[in-house]
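J.: Okay, sequence plus prediction incoming.
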Amino acid sequence: MVSSSHIHAIGRTELRRQWRAVQENPTQLVALLFVGIFFVPMALAGLAGAFFFGDSIASGSLESPGSWGRLVLVYTWLFAVGFGGYRAYSTALRPDRLDGMLTTVSHREFLGGLVYSEVLLWGIPAVVYSALASIAFAAGARSVVALPFSFGALVIALSTALAAGHLVALAVRNAGVRSRLLTRLRTVVFILIGLVYFALIFTQNFAAVLDPLFWLLEPTPVGWYGELALVGTASDVSLGRAAGAVVSSGVFLLVCAFALPRLAELLWYADGVHVEHEVESTADSSTAESRLAAVVPRPAVGVVWVDWKRARRAPITLSFVLYPLIFLVNPVLTVFRTGTVGSSFPLWVALCSAWITGALFSLNVVGNEGAVLPTTLLSGEPGRAVVIGHAFAGAALVAPVAVPATLVLSLLSPHAIGTAVSLTLGTAVLVACAGPIATGIGAIFPKFEAVNVSRSTRAVVPSVVAFGVFSVVLCVVAVPMLAGHSVLFGGGIASLLGTSHALVAAAGTVVTAAIALPVGALSARYAIRTVESYHVN
């Protein structure tokens, strides 16, 4: 028997818990404040749009108002499904102390309390805003009848969207806890989704995703919400489809009332699959370490090996690598869209390759050691081992890809062979120096506290200040090389001086190398001394 008092208590407790979590994280509180400020003008614009939409229907200046109504309601429903599904997947369906709660109340009551908290947190503001939008629309349409129908359409659409979002989130999470393949690929899928999301933000090509979904949903009851919202205002509205939207929504909500608790039960009581990482044999590990020892000092081999293992087992901890990749999204899309490699694309690859190299392991040379820091500091020459190990670990992963890629892309671009070779050499120097440059900056701005990189994963990551300073320093160091190889700047300088572009590009590479090598050496020396000071203390 489901107790409404239990659901109410669970919902209120969940709201208090979420508010306390926000209060304990000032950064998140400030972020929410900025998001709220950003949405205020959007909300006002939405109310103004509802008024003018109704006014255009009343004046007869809008052709096919039914199509516009279906468009607005379908997009509203899709946004609510996406938002509700994300909330359910990341927060609502992953509450704290889940096992303890399930020994106290039934999974139905617990799910009801979680959904109730989401309704209180987001549903009430959404209903209030829907009421204001309906009033604005009815005022613009100069029709009292429009008010209850438009408000009812919005409320029903938001209710089914919330249920659909929870349904999708539960289905995805159930598949994840039962499929070994999906568990292994989870991080890769999240990275791909993040890249697609930022690609849409940069290109503003939302129609590529929304248009197919609209054409798919317009003939369904989701599209009929637009018919319901326009009852009493537009002549091309079908009362049959409007009634069908109400009936089908009621049936869908009843189905969800039975399906959601069942899916929650399957999720919360499941043992789940466990991915066991293969343990490398001692012989293979010794062989690999021996090969590394031929390139880097023996004390640094362990640091390199640990960095690579951490990256393979928990790639989500390398969160700062995503930012350079985001800057590559738009140039990559331009190449795919045009079918040609522009002269600036190899420059982006060169810069972002060095950026990634420094961000991988070198931006927190002390904090990266974590619990093994005391053991590391007790070893012989810990400073050199830590600094060289972290710098080499990043360069060894990026350089074999970045250097050949820069050469090939430069040859495919309008660059001449001479500028392609000098850019490739400059990329190699920049990638080799990025790690040492990052080590000193990370030593100045260390970070030891673990943070939540996902809801279930905590890790020590570089500080935002260290990443920002490193990004600025690296860009300043790379400016001569990038400017020299730029068709606009380098070609302009070559024309002004009456010389070849290849010579200007080579000079830019030499200047960047002349800056990067001493800056990297000084930065690494400071990082070594910082680690040694920890050793002495």
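T.: Great, that's in hand. Numbering: from 1, shown residues only.

J.: show me where pLDDT drops low in the stretch 101-250 of the chain?
T.: 179-191, 194-195, 197-205 (pLDDT under 70).

J.: Who are the contact partners of G520?
T.: 432-437 (CB atoms under 8 Å, 6 or more residues apart in numbering). The way it works is simple: take the backbone N, C-alpha and C, and place the C-beta from them, glycine included.

J.: what do you get if the cut-off is 6 Å, keeping everything else the same?
T.: Residues near G520 by CB atoms under 6 Å, 6 or more residues apart in numbering: 433, 436-437.

J.: Tell me the one among those residues nearest to V115.
T.: I437 (50.2 Å; CB to CB).

J.: would you say the closest one is within a helix?
T.: Yes: assessed with DSSP: H, G, I helix; E, B strand; the rest coil, I437 lies in a helix.

J.: Next one: it from I388, what distance?
T.: The gap separating I437 from I388 is 14 Å, by CB to CB, to the nearest Å.

J.: Which of these two has more residues huddled nearby?
T.: Per other CB atoms under 10 Å, whichever of I437 and I388 has more neighbours is I437, with 28 against 24.

J.: what's the closest of the contacts of G520 to L132?
T.: I437 (53.4 Å).

J.: how far away is the closest one from V387?
T.: Counting by CB to CB, the gap from I437 to V387 is 11 Å.

J.: do A521 as well
T.: 11 Å.

J.: which one of the two has more residues nearby?
T.: Counting neighbours by other CB under 10 Å for A521 and for V387 shows that V387 has the greater number, 29 against 14.

J.: right, and that one touches T439 too?
T.: Yes: contact criterion CB atoms under 6 Å: V387 and T439 qualify, at 4.9 Å.

J.: ranges for the helices of the stretch 51-200 of the chain?
T.: 65-87, 98-102, 107-118, 124-141, 146-178, 180-203 (DSSP state H, counting those that start in this stretch).

J.: For the fourth one, buried residues please.
T.: Of the residues in helix 124-141, 126-127, 130, 133-141 count as buried by neighbour count, 16 or more other CB atoms under 10 Å.

J.: can you check the third one too?
T.: By 16+ other CB under 10 Å, the buried positions in helix 107-118 come out as 107-118.

J.: Columns distance to V408 on top of those, output as a markdown table?
T.: Shown next, in a markdown table, are the buried residues of helix 107-118 (distance: CB to CB, whole Å):
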| residue | distance to V408 |
| --- | --- |
| H107 | 55 |
| R108 | 59 |
| E109 | 60 |
| F110 | 56 |
| L111 | 54 |
| G112 | 58 |
| G113 | 57 |
| L114 | 52 |
| V115 | 53 |
| Y116 | 57 |
| S117 | 54 |
| E118 | 50 |
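
J.: closest to L325 among those residues?
T.: E118 (32.4 Å).

J.: need the longest helix for the chain.
T.: helix 501-536 (DSSP state H).

J.: and it, average pLDDT?
T.: Averaging pLDDT along helix 501-536 gives 87.

J.: sorry, back to before: shared neighbours, V387 and T439?
T.: Shared contacts of V387 and T439, counting by CB under 6 Å, 6+ apart, come down to 365, 524, 527.

J.: What is the burial count for the second one?
T.: A524 is surrounded by 26 other residues when neighbours are defined as other CB under 10 Å.

J.: mind listing what the residue nearest to it when sequence neighbours are not counted touches?
T.: Using CB to CB, 6 or more residues apart in numbering and skipping residues adjacent in sequence, the residue nearest A524 is P436, 3.9 Å away. Contact analysis of P436 by CB under 6 Å, 6+ apart lists 391, 520, 523-524.

J.: Show me where the stretch 201-350 of the chain has its helices.
T.: 207-217, 221-229, 239-268, 282-293, 298-313, 322-338, 345-361.

J.: quick one: the last one to helix 298-313, angle?
T.: This means helix 345-361. Orientation check (axes from the mean of the first three to the mean of the last three CA atoms, to 10 degrees): helix 345-361 against helix 298-313 gives 100 degrees.

J.: okay, the angle between helix 345-361 and helix 322-338?
T.: 160 degrees.

J.: got it, and the shortest one?
T.: Inter-element angle recorded for helix 221-229 and helix 322-338: 90 degrees (by the same axes, to 10 degrees).

J.: Contacts for helix 221-229 next, please.
T.: With CB under 6 Å, 6+ apart, helix 221-229 has contacts from 69-70, 73-74, 77, 149-150, 153, 157, 217, 237-238, 241-242, 244-245, 248.

J.: give me that answer again for 8 Å
T.: 66, 68-74, 77, 137, 149-150, 152-154, 156-157, 160, 217, 237-239, 241-242, 244-246, 248-249, 252.

J.: can you check stretch 238-257 too?
T.: Contacts of stretch 238-257 (CB under 8 Å, 6+ apart): 66, 149, 152-153, 156, 159-160, 163-164, 166-167, 221, 224-225, 227-228, 231.

J.: again, only using 7 Å
T.: 156, 159-160, 163, 167, 221, 224-225, 227-228, 231 (CB atoms under 7 Å, 6 or more residues apart in numbering).

J.: tell me the two of the residues you listed that are most distant?
T.: L167 and V231 (28.0 Å).

J.: W348 versus R337, what's the distance?
T.: 15 Å.

J.: H107 now?
T.: On the measure of CB to CB, H107 and W348 end up 50 Å apart.

J.: returning to that earlier point: what's the closest of the contacts of stretch 238-257 to L407?
T.: For these, the nearest to L407 is L167 (50.1 Å; CB to CB).

J.: Tally up the residues packed near the closest one, please.
T.: Other residues close to L167 by other CB under 10 Å number 20.

J.: List the contacts of it.
T.: Contacts of L167 (CB under 7 Å, 6+ apart): 256, 259-260.

J.: The same query, at a cut-off of 8 Å, please.
T.: 256, 259-260, 263.

J.: cool, V115 as well?
T.: V115 touches 92, 162, 166, 260, counting by CB under 8 Å, 6+ apart.

J.: sorry, back to before: kindly reformat the contacts of L167 as TSV containing distance to V398 and neighbour count.
T.: TSV is the format used below for these (distance: CB to CB, whole Å; neighbours: other CB atoms under 10 Å):
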residue	distance to V398	neighbour count
C256	48	18
A259	47	16
L260	46	20
L263	42	20
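
J.: on that earlier part again, buried residues in the longest helix of the chain?
T.: 501-513, 515-516, 519-520, 523-524, 526-528, 530-532, 534-535.

J.: How many residues are close by the spatially closest residue to L217 that is not a sequence neighbour?
T.: Leaving out its chain neighbours, the residue that sits closest to L217 by CB to CB, 6+ apart is V74, at 5.1 Å. Other residues within reach of V74 by the criterion other CB under 10 Å amount to 24.
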